[in-house]
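A.B. asks: coords please:
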Amino acid sequence: MRVKAFLLAAALATALAGCSTIGSTPIFTSSYGAVTDSGYKLPRIPIEKVKREFHRQVVSYDTSEKPGTIVVDTGRKFLYLVMADGKAMRYGIGVGREGFEWRGTARIAIKREWPTWTPPSAMIKRQPELAKYAGGMEPGLMNPLGARALYLFNKGGDSGYRLHGTPEWNSIGKAMSSGCIRLMNQDIIDLYNRVDTGAKVIVM
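C.D. replies: As a prediction, the model looks like this:
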């Protein structure tokens, strides 16, 4: 029995590696260290400078949406991935600045690792210095889409909006994007690995 108990404890410790618990809430504050991913070396995020509420964590979440659904609360700057048993994985996000907000329902049609970023023509018109990326900016640590991108489509096709990573960790919890929803790179990698193509996304 002692051996069985030891193995159970070891398995639980492995499952929760990288997280701590406050009350009954697992919070993954220690999961923002340096990461080598597909040959790219993501630096450590100084997570101590990010408000604790925006650290990745499992929270109680009452919803009728099925597990695997993403709910984006742009007002509170949280993204929820619905889980079973009344729980959700919550991530801190950055959202669209004034004039670039949006609401609606979409689905994840495409998932890409280290995506190319192509600024829309309207953005190039506002910021002519981006014209050099009209054919696409190569993936990399400074690419605005970060380590992963989830492409949102609706009934009209590509909505133009993305859930994506960002090297600008200090933008989390703020409204300063051009409409897309941004997460810290370590968080978008985690979300990417948990969510399926075709998943429903609700932005409110």
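
A.B. asks: tell me what the helix or strand Leu79 falls within is packed against?
C.D. replies: In this assignment (DSSP states H and E), Leu79 forms part of strand 78-82. Under the contact definition 3 or more CB pairs under 8 Å, 6 or more residues apart in numbering; DSSP states H and E, strand 78-82 sits against strand 70-73, strand 87-92, helix 185-194. Every residue, glycine included, has its C-beta placed from N, CA and C.

A.B. asks: of all these, which lies closest to Ser159?
C.D. replies: strand 70-73 (12.8 Å; CB to CB).

A.B. asks: Ramachandran angles for Arg52?
C.D. replies: Note on Arg52: its backbone torsions stand at phi -60, psi -30 [degrees, to the nearest 10].

A.B. asks: residue contacts, it?
C.D. replies: The neighbours of Arg52, taking CB atoms under 8 Å, 6 or more residues apart in numbering as the test, are Ile27, Thr29.

A.B. asks: Mind jotting down where the helices sit in the protein?
C.D. replies: Counting by DSSP state H, the chain has helices at residues 2-15, 121-126, 185-194.

A.B. asks: Buried residues in the last one, which are they?
C.D. replies: Okay, so that is helix 185-194. Within helix 185-194, the residues scored as buried using 16 or more other CB atoms under 10 Å are Asn185, Gln186, Asp187, Ile188, Ile189, Asp190, Leu191, Tyr192.

A.B. asks: The shortest one now?
C.D. replies: Neighbour counts using 16+ other CB under 10 Å place Ile124 of helix 121-126 among the buried residues.

A.B. asks: Only alpha carbons, please: show that helix as CSV.
C.D. replies: Output of helix 121-126 as CSV, limited to C-alpha atoms (Å, rounded to 0.1, in the frame of the first residue of the first chain):
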residue,chain,number,x,y,z
SER,A,121,-3.9,47.1,-45.9
ALA,A,122,-5.8,49.4,-43.6
MET,A,123,-3.0,49.1,-41.0
ILE,A,124,-0.4,49.8,-43.6
LYS,A,125,-2.3,52.9,-44.6
ARG,A,126,-2.3,54.1,-40.9
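
A.B. asks: if we can go back for a sec, make CSV from the buried residues of helix 185-194 and add distance to Tyr40 and pLDDT to it.
C.D. replies: Rendered in CSV, the data for the buried residues of helix 185-194 read as follows (distance: CB to CB, whole Å; pLDDT from 0 to 100):
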residue, distance to Tyr40, pLDDT
Asn185, 9, 98
Gln186, 12, 98
Asp187, 16, 98
Ile188, 13, 98
Ile189, 11, 98
Asp190, 16, 98
Leu191, 18, 98
Tyr192, 14, 98
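
A.B. asks: Now do the strand holding Leu79: everything it contacts.
C.D. replies: So strand 78-82 is contacted by 54, 59, 61, 63, 65-73, 88-93, 163, 181, 183, 191, 194-195 (CB under 8 Å, 6+ apart).
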